[in-house]
Structure formats: structure tokens, C-alpha cells
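Trainee: when you get a sec, could you give me coordinates for this:
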Amino acid sequence: MTNTLVITNQTATRMAVIAARTGNELITGAKAMMIENLKHKLRTGVAHFLYIKKNGEVREAWGTTNSALAYKYTNGRGVSREIYSTTAYFDIEKSAWRSFRWESIVKVF
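Mentor: Just a heads-up that it's a prediction; the model follows:
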């Protein structure tokens, strides 16, 4: 039995951005795949994850992008955070939208 890893164009783009921002090509694939896993969890329910904030603090977050869960906080007129090489999520603890830079992801539970 073989395992297959599929890298989409989006994942490849994330890998290139992470490599450029960190200068470390060893971590790019792992972080890009964590983002893919996280985005799936955000779409389907509430995800638990860690990332490093701009000020260096580790942020433990519970968030979602599931429209059924964040409906009253979504107006559909925003610009996708993907164009800024970040991932947006609705923080269920703060009841507000947040985002983080792709290279700052630490762990997805």
C-alpha cells in the first residue's frame, strides 16, 4: 500500500511564500500541509490550533469559517485574506474575525 501526497497549486503557492518569508525550505511543506488541514477543519466545524502572533506570543485559537457557525458575523463583502498570504478565521472565543501569516502556524490539533 502506498500513500499519495497531492500538492495543489494553492499548496505550492503557500510553500513558496513560506520559503520566501522564512528562508527555510525544510519547513515549507509541513507548514503548507498544516494550513491545508486547518482550512478543511475550519470549513467543517471548529478547529483548535496554535500560531505565533506578530509580537512573538504563541496564540492558542479555536476558530471556524463554517458559515452556519459564523453566519451573523459574515457579510460576504470582504476580500479574501489569501491575497495577503494569510488565513482568516472567526475566533469563537472573541466573536471576531482574525487572521495569521502562513509561516506562523505551529500546530493543528
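Trainee: name the element the nearest residue to residue 92 once chain neighbours are set aside belongs to?
Mentor: Leaving aside its chain neighbours, residue 92 sits nearest to residue 62 (5.2 Å; criterion: C-beta to C-beta, 6 or more residues apart in numbering). Just so you know, the C-beta spots here come from the backbone N, C-alpha and C atoms, and that holds for glycine as well. Take DSSP states H and E as the rule and residue 62 turns out to sit in strand 58-64.
Trainee: who touches the residue nearest to residue 92 in this structure?
Mentor: When the contact criterion is C-beta atoms under 8 Å, 6 or more residues apart in numbering, the partners of residue 62 are 46-48, 91-93.
Trainee: sorry, back to before: partner strands of the strand holding residue 62 and their direction?
Mentor: In the sheet containing strand 58-64, the strands it pairs with under DSSP bridges are strand 47-52 (antiparallel), strand 86-91 (antiparallel).
Trainee: distance from the chain centre to the first one, please.
Mentor: The one in question is strand 47-52. Taking C-alpha atoms, centre = their mean, to the nearest Å, the mean C-alpha location of strand 47-52 is offset from the chain mean by 8 Å.
Trainee: what does that strand rub up against?
Mentor: Strand 47-52 is contacted by residues 38, 41, 58-64, 89, 100, 104-109 when judged by C-beta under 8 Å, 6+ apart.
Trainee: what about residue 46, neighbour count?
Mentor: A total of 14 residues lie near residue 46 under the criterion other C-beta atoms under 10 Å.
Trainee: now the helices: where do they sit in this structure?
Mentor: Under the criterion DSSP state H, the chain contains helices at 9-22, 28-44, 67-70.
Trainee: the ones you listed into JSON lines, with extra columns for mean pLDDT, distance to residue 53 and mean neighbour count?
Mentor: As requested, the helices of the chain are arranged in JSON lines below (pLDDT from 0 to 100; distance: least, C-beta to C-beta, whole Å; neighbours: other C-beta atoms under 10 Å):
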{"stretch": "helix 9-22", "mean pLDDT": "91", "distance to residue 53": "15", "mean neighbour count": "16"}
{"stretch": "helix 28-44", "mean pLDDT": "92", "distance to residue 53": "16", "mean neighbour count": "18"}
{"stretch": "helix 67-70", "mean pLDDT": "76", "distance to residue 53": "21", "mean neighbour count": "13"}
